[in-house]
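Engineer: Following is a predicted model, sequence given first.
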Amino acid sequence: MVKIHPFKGIRPTEELSDKVATLPYDVLNSAEARELGKDNPYSYLHIDKAEIDLPEDLSPYDDQVYAKAASNLKDFLQKQWLTQEAAPALYLYELTMNGRAQTGLVTCTSIDDYTEGKIKKHEFTRPEKEVDRIRHIEACDANTSPIFLTYRAQADIQQIMDTWKQEHTPVYDFVSFHDVAHKVWVIDDEALIQELMAAFDAKVPALYIADGHHRTESAVKVGKKIKEEQPGIGQTEEVNFFLSVIFPKEELEILDYNRVVNVPITDDFFDQLEKNFTYSKTAEGKPTQPKSFGMYLGGQWYELTAKPHILSDDPVDGLDVSLLQNHVFAEIFDIQDVRTDKRIDFVGGIRGMAELEKLVDSGKWRAAFAVYPTTMDDLLNVADAGKIMPPKSTWFEPKLLSGLFLHDLETKS
């Protein structure tokens, strides 16, 4: 079973919450972050992507960037734009988008649970991305953005959370990017905190990373390094834990994660395609059922349907994204490694079918493929099997905003 850990959250004052909170560092490039933060001194981007306060020609991975992040965090605290809780607490974070709400428990989770496989992953990570967040965490001496976790809902845990929301007023209540409503409640009742800790310890066998594999690896490696350098650190110290928001999987929605390719379309392309798929022209490209795909080529949408002989009961090979990768991109286009091949790119479903049409009609890309969304059960089944999903299999919306919660590792005075 898994452990949760209350913490003295560092968070914005109520009146500044909507000004501090911003999109996560990994969905913005430096130019986009610079534009978002230039007229907002309160923006958390001054900490999370501190290169926006330095010369534009400076690498975002320069030593000065991490030093600036630490300096800006100190400045935010001194100005009391961010303040630290007096006592350990838990939090509830509700996000509502297009009428659908999801509520997560903001807590810290255990490095030991991760290394023992109780916090399960479904993606590989890239070392260079880990190094960036490792340096950011070390410079700030804090987990500077949360990991997005999920679990199979437990009725008694859900009841505790629902009751607290009903009986208490949120400390934050604002609407931000993409018209998403954000609410936060502080759980500061020590008895209730203990009840929630006991419930997770008794009834939740595993947590699953929905989003934030690089942040997880980085947080774990920082914690392990500190413990190795300071062997006297006990098991209850903050470096044993990392910042997380845990949502019941029943409340989450995965959007489609679509693809565009820039490859020659040969005269026999449709003959090759017909070996594994049926196809027909259609007016709309968005797939309406699993194992069905939209393809936009030459100004025309096509519906592709996988033939039975390529279907699989394997939790990875049976995924829609795997069928497309294995039997179109690899087999026909010889795109073997989508992580490094420049002939393929990925488009989050929140941008819609029109974005795929636009990219192809521009001439930069030859064809687009729309994918039916991976399900939460698919994600959990892959993780339970100890396997890894193909890259870009899941796109979660709404995004957790950064800057609402930081976890102090307490290794520096």
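Structural biologist: That came through, no problem. Because the structure is predicted, anything quoted here is derived from the model rather than measured. Numbers count the residues shown, from 1 in each chain.
Engineer: Can you name the element that comes right after the longest strand seen in the chain?
Structural biologist: The single longest strand within the chain, with elements called by DSSP state E, is strand 100-110. Using DSSP states H and E, the next helix or strand after strand 100-110 towards the C-terminus is helix 111-115.
Engineer: neighbouring contacts of the helix or strand just after that following helix?
Structural biologist: The element immediately downstream of helix 111-115 (helix or strand, assigned by DSSP H and E) is strand 119-120. By CB atoms under 8 Å, 6 or more residues apart in numbering, the surrounding residues in contact with strand 119-120 are Val2, Thr109, Ser110, Asp113, Leu149, Ala206, Leu207, Tyr208, Ile209, Thr216, Ala383, Asp384. In this view, the C-beta of every residue, glycine as well, is placed from N, C-alpha and C.
Engineer: Strand 119-120: partners in the sheet, and parallel or antiparallel?
Structural biologist: As defined by DSSP bridges, the strand partners of strand 119-120 come to strand 207-211 (parallel).
Engineer: what angle do the partner strand and strand 100-110 make?
Structural biologist: 120 degrees (axes from the mean of the first three to the mean of the last three CA atoms, to 10 degrees).
Engineer: now strand 207-211: mean pLDDT?
Structural biologist: Strand 207-211 carries an average pLDDT of 95.
Engineer: can you pull out the helices in this protein?
Structural biologist: 17-20, 30-37, 45-48, 63-78, 111-115, 127-140, 155-167, 190-203, 213-229, 269-274, 320-324, 352-361, 376-384 (DSSP state H).
Engineer: Just name the most buried of those helices.
Structural biologist: Per residue and on average, the most neighbours among the helices of the chain fall to helix 45-48, with a mean of 27 (mean count of other CB atoms under 10 Å).
Engineer: counting contacts, what elements does it pack onto?
Structural biologist: For helix 45-48, the elements it packs on are helix 30-37, helix 63-78, judged by 3 or more CB pairs under 8 Å, 6 or more residues apart in numbering; DSSP states H and E.
Engineer: Please work out the average pLDDT along that helix.
Structural biologist: Mean pLDDT, helix 45-48: 98.
Engineer: How about residues contacting it?
Structural biologist: Helix 45-48 is contacted from outside by 22, 24-25, 28, 33, 36-37, 52-53, 69, 72-73, 76, 136, 140, 144-145, 402-403, using CB under 8 Å, 6+ apart.
Engineer: before we move on, the earlier item: indicate which one of the helices of the chain is closest to Thr340.
Structural biologist: For those, the distance to Thr340 is smallest for helix 127-140, at 12.7 Å, taking CB to CB.
Engineer: circling back: which two from the contacts of strand 119-120 end up farthest apart in space?
Structural biologist: Longest span within the contacts of strand 119-120, CB to CB: Ser110 and Asp384, 19.2 Å.
Engineer: Pull the contacting residues for Phe200.
Structural biologist: The neighbours of Phe200, taking CB under 8 Å, 6+ apart as the test, are Met1, Val2, Lys3, Ile4, Ile157.
Engineer: distance of it from Lys120?
Structural biologist: The gap separating Phe200 from Lys120 is 15 Å, by CB to CB, to the nearest Å.
Engineer: re earlier: by neighbour count, which of the contacts of Phe200 wins?
Structural biologist: Counting neighbours by other CB atoms under 10 Å, Ile4 comes out on top of these with 25 neighbours.
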